[in-house]
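Visitor: how would this look folded up:
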Amino acid sequence: MIMTTKFIAIIPSRYGSSRFPGKPLADIAGKPMIQRVYEQVVQAVEEAWVATDDERIASAVRAFGGKVVMTSVDHRSGTDRCAEAVRKVSQETGIHFDVVINVQGDEPFIRPEQISILKQPFEEEATTEIATLIQRIHRTEVLFNQAEAKVALDIHGNALFFSRMPIPIVFKSEESDWIKKFNYYCHVGIYAYRTDILEKLSRLPEGLLEKAESLEQLRWLENGYTIKTVVTDHATVGIDTPEELEIIVASGIEKYYAKN
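Guide: Here you go, the predicted structure:
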């Protein structure tokens, strides 16, 4: 008998944001941002839920016909919110989900095909614990931008380390030439986890590497978990400030949905 993997997408969504309060409800061409995210996700995953601690967001999701689950206000991260959310949804629906896909609530232009390729490692290999997307770096300014997390890989495509600095360095070579001599990758912040692994991750204390780099995924590596990477040709378009949203809307949102 062929066993199928049961996926659920969880979209963590908080109202509070120091740079953009109420961001999930910000209007993007007539729809709140959280609706834009949801509509992209459900094209790739049949079971999708918004996880929030704010009734304003929950009401907005119900208004457009989406599924929502209320979670604690005390979570350290979206990963922890996902863990609580999938427990509650499983109890509510009676469905056991094998894999949880974590899509950030400020990614209204996430491509369904990006989510689909993230499912593949779990469908192909039962031992996959965690998977995430990465993208080849082609510009030196991205390589040296500390806001962009870089990742070093083993020969199997598993993450060895994440850093805000370029890894590795190209020894005895000018920094401007590094990108010509080595294939660098940046991290695209979408995760998928086996449900049992996600539960364990949510109980881990903050790690020393994580504190140093301010990168949550280092906590998992530091504790011996394996992160499979999947290469995407498309960058995501996260929105962190009202000004960024204004620029995107003014330039026309259609191009952000275009297939290229």
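Visitor: Where do the strands of the stretch 51-200 of the chain begin and end?
Guide: Under the criterion DSSP state E, counting those that start in this stretch, the stretch 51-200 of the chain carries strands at the ranges 68-70, 99-102, 130-136, 150-153, 159-163, 185-194.
Visitor: Select, out of those strands, the one closest to Leu209.
Guide: Among these, strand 159-163 comes nearest to Leu209, with 8.2 Å by CB to CB. Heads up, the C-betas are built off the backbone N, CA and C, glycines and all.
Visitor: what residue ranges in the stretch 151-260 of the chain score low on pLDDT?
Guide: Within the stretch 151-260 of the chain, the stretches with pLDDT under 70 are 258-260.
Visitor: tell me, what residue is most central in the protein?
Guide: Nearest to the geometric centre of the chain sits Ile190, at 2.0 Å (CA atoms, centre = their mean).
Visitor: Now that residue: closest residue in space, sequence neighbours ignored.
Guide: Leu133 (5.2 Å; CB to CB, 6 or more residues apart in numbering).
Visitor: for Ser202, same thing?
Guide: Closest to Ser202 by CB to CB, 6+ apart is Ala83, at 3.7 Å.
Visitor: just checking, the one you found touches Ile197?
Guide: No: judged on CB atoms under 8 Å, Ala83 makes no contact with Ile197 at a distance of 10.0 Å.
Visitor: With neighbour numbers in mind, choose between the two.
Guide: Ala83 (24 against 17; other CB atoms under 10 Å).
Visitor: mind checking how far Leu215 is from Thr71?
Guide: Look at Leu215 and Thr71: by CB to CB, to the nearest Å, they are 23 Å apart.
Visitor: out of those two, which sits in the busier spot?
Guide: Taking other CB under 10 Å, Leu215 and Thr71 do not tie; Thr71 has more neighbours (24 against 20).
Visitor: Quickly list what Ile28 is bridged to.
Guide: Lys31 (DSSP bridges).
Visitor: show me what contacts it?
Guide: With contact set as CB atoms under 8 Å, 6 or more residues apart in numbering, Ile28 has these partners: 36, 108, 245, 248-249, 253.
Visitor: where along the protein do the helices fall?
Guide: Applying DSSP state H to the chain gives helices spanning 33-41, 55-63, 78-93, 112-124, 140-143, 178-181, 195-201, 208-213, 217-222, 242-251, 254-257.
Visitor: right, so these: which one is the most enclosed?
Guide: helix 33-41 (a mean of 23; mean count of other CB atoms under 10 Å).
Visitor: And that one, what does it pack against?
Guide: Packing contacts for helix 33-41, counted by 3 or more CB pairs under 8 Å, 6 or more residues apart in numbering; DSSP states H and E, involve strand 7-13, strand 48-52, helix 55-63, helix 112-124.
Visitor: ok, 10 Å please
Guide: strand 7-13, strand 27-28, strand 31-32, strand 48-52, helix 55-63, helix 112-124, helix 254-257 (3 or more CB pairs under 10 Å, 6 or more residues apart in numbering; DSSP states H and E).
Visitor: rank these by pLDDT, which is bottom?
Guide: Lowest mean pLDDT within the helices and strands packed on helix 33-41: helix 254-257, a mean of 80.
Visitor: Could you list the residues in contact with that one?
Guide: Applying CB atoms under 10 Å, 6 or more residues apart in numbering, the external contacts of helix 254-257 come out as 28-29, 36, 40, 108-109, 111, 237, 248.
Visitor: Ile227 versus the residue of the chain most remote from its centre, what's the distance?
Guide: In terms of distance from the mean C-alpha position of the chain, Lys172 ranks first, at 35.2 Å (CA atoms, centre = their mean). Going from Lys172 to Ile227 by CB to CB gives 30 Å.
Visitor: check contacts around Trp49.
Guide: Applying CB under 10 Å, 6+ apart, we find Trp49 in contact with 8-11, 38, 41, 61, 66-69, 82, 85-86, 88-89, 92-93.
Visitor: now that we're looking at Leu198, how far away is Val37 from it?
Guide: In terms of CB to CB, Leu198 sits 20 Å off from Val37.
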